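can you look at this prediction? I've put the sequence above it.
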Amino acid sequence: MADVFVSYARKDKARVAPLVAAIEAQGWSVWWDPAIDPGQQFDQMIAGELERSRAVLVVWTPDSVESRWVRGEAREGADRGILVPVQFGSARLPIDFRAFHTTNLDHTGDVAAHPQFQEVVRAIEALLGRPRRPTATMPGAKGLEPGVASGPPRIAICVLPFTNLSGDPEQQFFSDGITADIITELSRWRLLAVRSRSASFRYRGPAVDTAQVARELTVRFVVEGTVRRIGDRVRISVQLVDAETGTHVWGERFDRAQAELFSVQDEVVQTIVSTLVGRVHVSDAERARRKPPTSLDAYECVLQGNALHWDDPAGGAEATRLFERAIEIDPGYGLAYALLATMKRAKWRDDPGTSSALLDEAYQLALRAVELDDGESTCHSLLAQTCLYRRSFELALEHMQRSVDLNPNNQWNVADMGLVLVYMGRAEEARAWNLRARQIDPYFDQPWYWRQSGLTCMVLGQFQEAVKLFARHPVRTYYMAAFMAGCYAQLGDTERAKASVAECLSLRPDFSVRRWMSKEPFNNEADAARIAAALRLAGLPD
């Protein structure tokens, strides 16, 4: 969802592009797609973006006033009280819009330097509020932009046009298509402020200065890549550069047969996007880790809390503190509420008592997260998991589906779908989702991922595979030891089963199979019985 929807006629694209760049440079996100003609083609995607926008900037020109679609988009903005009209040339405005004050930007120079441009800025500010300009108000926070509505600053990133090294015009079409798709898919991530295609495509060429691009577009990360034909195969190379330090954060290449190139384009784009975002997360978390605790902002608190091992008691306690601190700093930060809900739910699950107070608190926090940021996929995912433990299975699936619909490239949410499905009695589907998370991001290595993947294999009776997956979990907890004991017992390895039982009871002397399983939200009784039987077979106390 962008802050500003720009309505214009196709013929005016060249004149509108600098205006879009100037608005983005102010810190607002803009939806306009020069590959689609918003003034001539009112398709479902355009309608959705228009509906979700918070300001509608209509560009009146002699061509756009003749377009019924531009007039329709302008009417939508006027009816909602969010219309910001500007004018190029001596266009005679439609009669029903002449009563609206319209800013004349008919100027051949830099639109941002136009005296009347500040009038446009003030009109947008009146609707959206003033964006936080990091370079002026947040020293040291270059490349951060205000979040949508409230919430933390977003990380600014641009994708340069992939360079066609083949000299084949058809490959140029493919190179531009790959670039445009990456921009579109990156825009699904709420933590990113992605520069538009029009802004990025001004920097076409093999010898682009990424530092200059970063300065001019005020971004922290730059994505660049190449496409090269080698015989009957095509190689796509991509790299992520941290413009602040000049370091290459990540690079990868993808080789595909020429014949299958267009059929696998979506797969390649999804892998690039998911891995890119994963590397941005890691880079930003490391950056936040080096800062003194007293100087952390809300976003950095969340980054640090997310980077901790929640299964470790000390790590879980510190993560909880950081998420609470993030909410204190920014009470409108939806994701912080969702993550705090997860910590409360984990504490309830670990509590041997029967009170539901912590789970109820987690549910209220998760609901608040979605209320604050309905467009953040992870808020829906974590609400889904809380619903799961409340045994509201259909509601859990509804929010989980909403999560992956919002962002199918989010490897965390893809894996979360696997968690929900295994407890709903759909273990085969859960396994496919678990595998998919690693396919779209080969670096995905969250501790909880190995725990839930191992549990899925246990439900499927694949105990040898479960052992391998559990072994990749970096923290040995009592329940990991219990699961390992059950697997070893099913495999007939009594010595290792006994050792795992001893480890479990040393970490949690009061462990009880019955009590543990009472909080495992299996919808299928047979699945729950299979896990409980394995634990009892290992010799864990009932």
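Received the coordinates, thanks. Residues are numbered from 1 along each chain as shown.

when you work out contacts or count neighbours from here on, use the C-alpha atoms and nothing else.
Noted.

quick one: contacts for the residue nearest to Asp312 when sequence neighbours are not counted?
With C-alpha to C-alpha, 6 or more residues apart in numbering as the criterion, Asp312 has its nearest non-adjacent residue at 6.5 Å, and that residue is Val475. Neighbour list for Val475: His309, Asp311, Asp312, Pro447 [criterion: C-alpha atoms under 8 Å, 6 or more residues apart in numbering].

just checking, which of the residues you listed belong to helices?
With DSSP state H as the criterion, helices contain Pro447 from among these.

hmm, back to that, so the residue nearest to Asp312, which of the three states?
Under DSSP: H, G, I helix; E, B strand; the rest coil, Val475 falls in the coil class.

equivalent analysis for His101, please.
coil.

could you find the closest non-adjacent residue to it?
Pro85 (7.3 Å).

list the helices and strands the strand or helix carrying the one you found packs on?
According to DSSP states H and E, Pro85 maps onto strand 83-87. Under the contact criterion of 3 or more C-alpha pairs under 8 Å, 6 or more residues apart in numbering; DSSP states H and E, strand 83-87 touches strand 55-60, strand 103-104, helix 117-128.

can you do 10 Å?
Here strand 83-87 is seen to pack against strand 4-7, strand 55-60, helix 68-79, strand 103-104, helix 117-128 when contacts are counted using 3 or more C-alpha pairs under 10 Å, 6 or more residues apart in numbering; DSSP states H and E.

burial measure for Ala362, as a count.
28 (other C-alpha atoms under 10 Å).

make residue 1 into 264 and carry on from there
In the new count, where the first residue is 264, that last one comes out as Ala625.

assign Arg516 to helix, strand or coil.
Three-state assignment for Arg516 (three-state DSSP): strand.

in stretch 729-743, what's buried?
For stretch 729-743, the neighbour count (16 or more other C-alpha atoms under 10 Å) marks Ala729, Val730, Leu732, Phe733, His736, Thr740, Tyr741, Tyr742, Met743 as buried.

I'd say Ala801 and Cys767 touch.
No: if you go by C-alpha atoms under 10 Å, Ala801 and Cys767 don't touch, sitting 11.2 Å apart.

more neighbours: which of those two?
Ala801 (27 against 24).

how about the buried residues of stretch 729-743 in a markdown table, adding distance to Ser461?
As requested, the buried residues of stretch 729-743 are exported to a markdown table (distance: C-alpha to C-alpha, whole Å):
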| residue | distance to Ser461 |
| --- | --- |
| Ala729 | 48 |
| Val730 | 50 |
| Leu732 | 45 |
| Phe733 | 47 |
| His736 | 44 |
| Thr740 | 51 |
| Tyr741 | 54 |
| Tyr742 | 52 |
| Met743 | 50 |
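
nearest to Ala376, of the residues you listed?
For the buried residues of stretch 729-743, the closest approach to Ala376 (C-alpha to C-alpha) belongs to His736, at 55.7 Å.

point to the residue nearest the middle of the chain.
Nearest to the mean C-alpha position of the chain, by C-alpha atoms, centre = their mean, lies Trp452 at 3.3 Å.

quick one: it from Arg777, how far?
41 Å (C-alpha to C-alpha, to the nearest Å).

what does Glu314 give?
Computed with C-alpha to C-alpha, the distance linking Glu314 and Arg777 is 51 Å.

so these two - more neighbours on which side?
With neighbours defined as other C-alpha under 10 Å, Glu314 and Arg777 compare such that Glu314 has more, 17 against 13.

okay, and that one sits in which element?
helix 307-315.

helices or strands up against that helix?
By 3+ C-alpha pairs under 10 Å, 6+ apart, helix 307-315 packs against strand 267-270, strand 293-294, helix 331-342.

angle of that helix against strand 318-323?
For helix 307-315 against strand 318-323, the angle by axes from the mean of the first three to the mean of the last three C-alpha atoms, to 10 degrees is 120 degrees.

buried stuff in helix 307-315?
Across helix 307-315, burial judged by 16+ other C-alpha under 10 Å covers Ile309, Glu312, Leu313, Glu314.

quick check, the last one in contact with Gly340.
Think Glu314. Yes: the criterion here is C-alpha under 10 Å, and Glu314 meets it with Gly340 at 9.2 Å.

who touches both of the two?
Phe268 (C-alpha atoms under 10 Å, 6 or more residues apart in numbering).

returning to that earlier point: out of the helices and strands packed on strand 346-350, nearest to Gly755?
The nearest among the helices and strands packed on strand 346-350, by C-alpha to C-alpha, is strand 267-270 at 62.9 Å.

could you dump that closest one to CSV, C-alpha only?
The C-alpha trace of strand 267-270 is given here as CSV (Å, rounded to 0.1, in the frame of the first residue of the first chain):
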residue,chain,number,x,y,z
VAL,A,267,0.1,8.5,-2.7
PHE,A,268,-1.7,7.2,-5.8
VAL,A,269,-0.8,9.2,-9.0
SER,A,270,-3.4,9.3,-11.8
